[in-house]
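Trainee: Pasting a predicted model and its sequence here:
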Amino acid sequence: MGIKIQAPIDKIVELNAPDLLKTMREDKKRWTVLPLSLWGRSEIIKMKLLPRLTFLMSSIPLKFPPNWFKEINKLLSGFLWNYKKPRISQKKLNNPRSSGGIGLPDIYQYYIAFNSRYPLQWAYNVERQIGSWEWLEEQIISKHNKELTLTNFWYNPSKIRLKNPVSKFSCEIVTIPQKHLSFNGYSLPSCPLWYNPMFVAGGETLKDRMWQQHNLNQVGQIVDNGKMITFNDLKTQFGLTDLNFLTYS
């Protein structure tokens, strides 16, 4: 189950995904003749095929082509029904047994879950431990644009375009759980005050260099228990002056 690695790294998917699909097709030919029920075939998929797929998708934080997932679903459907016309839709089979399905794995949802967990950390992990992957990504962004932080990517992933294919993919995939969960992020302490499309004035996102210089960048720094912290308290805590009051008001 090794992963083939070769420069440039954005070619890693091309090196590994087709080979896995080929191996799965070969295994499926051997298993098709087995006298198994629909339930039994589903269990083979969970025990034999799913671990290979999840290992590959979780090890390579890069974009897999949509056609690859179509081929996977086609292969699974053919194996489940022994190349006969499906009598139950695959979407219904994906449901848990308690809801009338058989718990058939939804491979694309696994793909989303594995790869969106990294950008989710951008929003939920406010503190960046020196040496962590989040801290390293923050340094890359800082070199590109000192006015943005890693957390900005969660709220406005199209604001900045990086050449790094891993970070670029993370910016793309983070929009999927956002739309699915109808999540806006106002309640998160890490919600950025600046360059955030949720906070707009005069058609442009908010920005204030003086506040940024005083390290005031996130909603959690100015809100406590759902209430705005007074300007006097912010002055004491962050060293603001009366000149910064206009932004506060």
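Mentor: Nice, thanks for sending it over.

Trainee: CA atoms for contacts and neighbours, from now on please.
Mentor: Fine.

Trainee: gap between Phe79 and Glu71?
Mentor: Noted for Phe79: a distance of 12 Å to Glu71, by Cα to Cα, to the nearest Å.

Trainee: So the two - more neighbours on which side?
Mentor: Remark: of Phe79 and Glu71, Phe79 carries more neighbours, 22 against 12, as counted by other Cα atoms under 10 Å.

Trainee: Enumerate the positions of the one helix or strand that one maps to that are buried.
Mentor: Using DSSP states H and E, Phe79 sits within helix 66-80. Residues 69, 72-73, 75-80 are the ones in helix 66-80 that count as buried (16 or more other Cα atoms under 10 Å).

Trainee: helix, strand or coil for the spatially most central residue of the chain?
Mentor: Residue closest to the mean C-alpha point of the chain, counted by Cα atoms, centre = their mean, is Ser116 at 1.6 Å. Classification of Ser116 by DSSP: H, G, I helix; E, B strand; the rest coil places it in helix.

Trainee: need the contact list for it.
Mentor: 170, 173-174, 177 (Cα atoms under 8 Å, 6 or more residues apart in numbering).

Trainee: Check Pro8 too.
Mentor: By Cα under 8 Å, 6+ apart, Pro8 has no neighbours at all.

Trainee: how close does it sit to Pro165?
Mentor: In terms of Cα to Cα, Pro8 sits 10 Å off from Pro165.

Trainee: Same check on Ile140?
Mentor: Separation of Ile140 from Pro165 (Cα to Cα): 13 Å.

Trainee: And for Pro105, nearest residue in space, chain neighbours not counted?
Mentor: Using Cα to Cα, 6 or more residues apart in numbering and skipping the chain neighbours, the partner closest in space to Pro105 is Asn94 (6.0 Å).
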